[in-house]
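Enquirer: how would this look folded up:
(chains A and B)
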Amino acid sequence: DQQVKQNSPSLSVQEGRISILNCDYTNSMFDYFLWYKKYPAEGPTFLISISSIKDKNEDGRFTVFLNKSAKHLSLHIVPSQPGDSAVYFCAASASGTYKYIFGTGTRLKVLA
Amino acid sequence: KAGVTQTPRYLIKTRGQQVTLSCSPISGHRSVSWYQQTPGQGLQFLFEYFSETQRNKGNFPGRFSGRQFSNSRSEMNVSTLELGDSALYLCASSPRTGGVGYTFGSGTRLTVV
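Expert: Residues are numbered from 1 along each chain as shown, chains lettered A, B, ... in the order given. Here you go, the predicted model:
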């Protein structure tokens, strides 16, 4: 039972355009969400997070949107750069569990 | 500040053997979590240790076990290895103060032949 789903295994975007990565979850107890970026041969690195009391969090070129009623979150990267090419994982957690459930990842390729 | 260190980086074992992986968390972090990454499955949670106690466990068979030492370093053990255990094993540390994500190590790539 995949509680966190990233239904697009891959995405290609032109440099300078917007990249939108999507993530859906099923567990209504989840109240904290994160995005990680992973390059080959490296561990995932934390990108941005959002708690359920917000519907948007912005950090530079990265913005995460949360739609609690739809149990959906998305990561927007504007403008996309070739260095953004990586696998992106969303993760969710319920308060006090300290256990993150990860999606299967979306491979983003930004074309120069 | 040193990051999360995992050793070894690469490992090749044969079926039926057992293996021990090591993780040194960021100094001051008392929580260590282990994940298995396989193609198409994302990161699957194995377990989490905090102050030498296992606090959370994922849906893996009993062949997967772990422990944490008083200095917060953690080891993960897999006994009776199967071909399907071939994966990237990631360790992540956290201060576990709530609302904070992990810092991951670079992982140990285990290949079972």
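Enquirer: show me the contacts for residue B:29.
Expert: By C-beta atoms under 8 Å, 6 or more residues apart in numbering or on different chains, the contact list for residue B:29 reads B:72, B:93-96, B:103. All C-beta atoms are positioned from the backbone trio N, CA, C, and that covers glycine.
Enquirer: cool, and residue B:73?
Expert: Applying C-beta under 8 Å, 6+ apart, the residues contacting residue B:73 are B:22-25, B:32.
Enquirer: mind running it again at 10 Å?
Expert: By C-beta atoms under 10 Å, 6 or more residues apart in numbering or on different chains, the contact list for residue B:73 reads B:5, B:22-25, B:32, B:49, B:67, B:91.
Enquirer: which strand residues bridge the spatially most central residue of chain B?
Expert: Geometric centre of chain B, nearest residue: residue B:34, 3.2 Å, by C-alpha atoms, centre = their mean. Beta bridges link residue B:34 to residue B:47, residue B:91 when assigned by DSSP bridges.
Enquirer: quick revisit: just the buried ones from the contacts of residue B:29, in ChimeraX syntax?
Expert: With 16 or more other C-beta atoms under 10 Å in any protein chain shown as the criterion, this ChimeraX line picks the buried residues out of the contacts of residue B:29:
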select /B:72,93,94,96,103
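Enquirer: min pLDDT across the contacts of residue B:29, which one?
Expert: In terms of pLDDT, residue B:96 ranks lowest among the contacts of residue B:29, with 69.
Enquirer: if we can go back for a sec, ok, the residue nearest to the centre of chain B to residue A:111 distance?
Expert: Per C-beta to C-beta, to the nearest Å, residue B:34 is found 35 Å from residue A:111.
Enquirer: for chain A, give me the ranges with low pLDDT.
Expert: Counting by pLDDT under 70, chain A contains low-confidence residues at A:1, A:98.
Enquirer: try 90
Expert: By pLDDT under 90, the weakly predicted segments of chain A are A:1-2, A:40-43, A:46, A:93-101.
Enquirer: near chain B, which residues of it?
Expert: For chain A, the residues found near chain B under the criterion C-beta under 10 Å from any C-beta of the partner chain are A:1-2, A:4-6, A:9, A:31-36, A:38, A:41-49, A:51, A:87, A:89-91, A:93, A:95-105.
Enquirer: among those, which lie within helices?
Expert: Of the residues of chain A next to chain B, none are assigned to helices by DSSP state H.
Enquirer: please report how far the closest residue to residue B:45 other than its chain neighbours lies from residue A:40.
Expert: Leaving aside its chain neighbours, residue B:45 sits nearest to residue B:58 (3.9 Å; criterion: C-beta to C-beta, 6 or more residues apart in numbering or on different chains). For residue B:58, the distance to residue A:40 equals 24 Å [C-beta to C-beta].
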